[in-house]
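Q: just to be clear, the model below is a prediction. Sequence and coordinates:
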Amino acid sequence: FDLPNHHGIILLVVTSSPGGSFSNWWCSLFNTDLSLSVAMTTASTFAGMGMLPLNLAVYITAVFGESVAVDWGSLLLSVAIVIS
């Protein structure tokens, strides 16, 4: 694809972000184990707090051939604020 770098990075952020709240709705609709779905969504969210920035740094370096200068402290703080 011939995308500008900033469009490619936006696509990487969207596709690397964890999801799971929609599974809670499906579990509720079909009377499945909702508590397991909530637990796995919670685990996925907390794992995503650390893995999302790491994945983005690795993918951006691999795809665009440039290293990424990231202020990890402020990034993790903003992710924690958004999640909580």
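A: Structure received.

Q: mind listing the helices for the chain?
A: Taking DSSP state H as the test, the helices found in the chain are 5-16, 21-29, 34-64, 72-83.

Q: quick check, pLDDT for residue 20.
A: Looking at residue 20, its pLDDT is 64.

Q: grab the most central residue of this protein for me.
A: The centroid of the chain falls nearest to residue 17 when counting by C-alpha atoms, centre = their mean (2.2 Å).

Q: so for the helix or strand of the chain with the lowest mean pLDDT, what gets flagged as buried?
A: In the chain, no helix or strand scores lower on mean pLDDT, DSSP states H and E than helix 21-29, which sits at a mean of 74. Buried residues in helix 21-29, counted by 16 or more other C-beta atoms under 10 Å: 23, 27. Bear in mind the C-beta positions are built from the backbone N, C-alpha and C, glycine included.

Q: gap between that helix and the chain center?
A: 19 Å (C-alpha atoms, centre = their mean, to the nearest Å).

Q: quick one, that helix and helix 34-64 angle?
A: Counting by axes from the mean of the first three to the mean of the last three C-alpha atoms, to 10 degrees, helix 21-29 points 160 degrees away from the direction of helix 34-64.

Q: once you drop chain neighbours, what's closest to residue 80?
A: Spatial nearest neighbour of residue 80, chain neighbours left out: residue 49 (6.4 Å); criterion: C-beta to C-beta, 6 or more residues apart in numbering.

Q: shaky segments in this protein?
A: Scanning the chain for pLDDT under 70 picks out 1, 19-21.

Q: any idea how many residues pack against residue 60?
A: Residue 60: 19 surrounding residues under other C-beta atoms under 10 Å.

Q: so it makes contact with residue 12?
A: Yes: between residue 60 and residue 12 a contact is recorded at 6.6 Å, counting by C-beta atoms under 8 Å.

Q: related to what we said a few turns ago, contacts only, for the residue lying closest to the residue nearest to the centre of the chain once chain neighbours are set aside.
A: Distances taken as C-beta to C-beta, 6+ apart put residue 52 closest to residue 17, at 6.4 Å, once the chain neighbours are dropped. Residues in contact with residue 52 (C-beta atoms under 8 Å, 6 or more residues apart in numbering) are 13, 16-18, 79.
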